[in-house]
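Visitor: Below are the sequence and a predicted model for it; my questions follow.
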Amino acid sequence: MADNISKIPTHVGIIMDGNGRWAQKRLMPRSSGHSAGMKRMIALAQKAKDLGVKYLTVYALSTENLSRPQEELDKLYSLIRTYFIKNVDKLIKQGAAVKVIGDLSLLPKDVTEVIQNGVNKSPKDAEFTFIMALAYGGRSEIVNAASRAVAEGLELTEQNLSSRLYTAGVPDPDFIIRTGGELRLSNFLMWQAAYAELYFTDTLFPDFTNGKFEKALLDFSSRKRRFGKV
Ligand code: FPP
């Protein structure tokens with residue numbers, strides 16, 4: 001199928017929804033859904049890199065998710081400490097970079113350190129960058145960027161604002177995929193998504209195979225992007 005994808009997006013975003021329901025359907029704890037989701041996330045990063053996508057941003061934890069039961073959050077944090085680090089190291093060894101966007105001060109200190117360690121090891125001139133949105137909220141990102149521009153005495157222009165977002169220097173996403181059946185963006189890349197093509201699927205994230213990812217990319221390559229022009 002990859003051969004039929006005529007246009008590979010530079011930057012893909014994925015809202016990875018449906019881990020909990022995937023587990024519940026199997027009478028397993030929600031945390032099993034997150035483990036399965038983590039494995040899928042790493043496999044998709046590898047696939048995106050192999051297909052020539054330059055940036056993949058995954059919505060791993062929103063600021064709203066931080067109010068989930070502590071037990072569920074602890075499981076997500078332990079997944080980062082173990083599975084995530086090992087696999088991110090693998091990506092970095094292949095020349096990929098890892099970046100994190102969000103308010104890391106809201107996460108446990110040791111988790112932040114582990115992530116920061118991966119980020120620091122990343123090459124500067126990578127051909128593929130894997131971006132994790134963690135403790136991320138799009139609106140507060142915009143408010144913070146605007147406050148910084150104002151504090152610097154700058155005029156509020158699109159350029160001055162976008163260069164103060166977490167994603168400064170990263171091109172806007174061309175394509176955003178949401179799994180799990182909901183038809184919304186849930187505060188993901190609110191500024192950056194202005195002209196993104198959107199793709200929604202009922203597939204629960206752990207079932208979003210590489211083949212389904214390629215099918216989504218095939219859909220993207222058939223779209224005509226006009227950016228408001230005729
Ligand atoms: C939404 O599914 C998913 C999340 C809140 C977390 C996404 C996390 C992963 C894919 C695993 C990797 C995790 C980290 C932190 C690196 P949901 O639990 O809301 O599912 P539901 O809508 O079926 O309840």
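Guide: Cool, the structure landed.
Visitor: All the strands of the protein, residue numbers only.
Guide: 11-15, 55-59, 97-101, 129-133, 175-178, 197-200 (DSSP state E).
Visitor: so does the third one get close to the ligand?
Guide: No: Strand 97-101 does not reach the ligand (C-beta under 6 Å from any ligand atom); its nearest approach is 10.0 Å. Any C-beta I mention is one placed from the backbone N, CA and C, and that applies to glycine too.
Visitor: Other residues contacting that strand?
Guide: Residues from elsewhere that reach strand 97-101 (C-beta atoms under 8 Å, 6 or more residues apart in numbering): 57, 88, 91-92, 115-116, 118-119, 122-124, 126, 128-134, 136, 141, 166-167, 170.
Visitor: and that strand, C-alpha only, in CSV?
Guide: Output in CSV follows, covering the C-alpha atoms of strand 97-101 (Å, rounded to 0.1, in the frame of the first residue of the first chain):
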residue,chain,number,x,y,z
ALA,A,97,15.2,13.1,17.6
VAL,A,98,12.7,13.2,20.5
LYS,A,99,11.0,16.3,21.7
VAL,A,100,8.4,16.9,24.4
ILE,A,101,5.7,19.6,24.4
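Visitor: And residue 10, how far from the ligand?
Guide: Residue 10 is 23 Å from the ligand, where distance means C-beta to the nearest ligand atom, to the nearest Å.
Visitor: How many residues are close by the residue lying closest to residue 79 once chain neighbours are set aside?
Guide: Once flanking residues are discounted, residue 79 sits nearest to residue 38: 4.9 Å by C-beta to C-beta, 6 or more residues apart in numbering. For residue 38, the count of nearby residues is 22 (other C-beta atoms under 10 Å).
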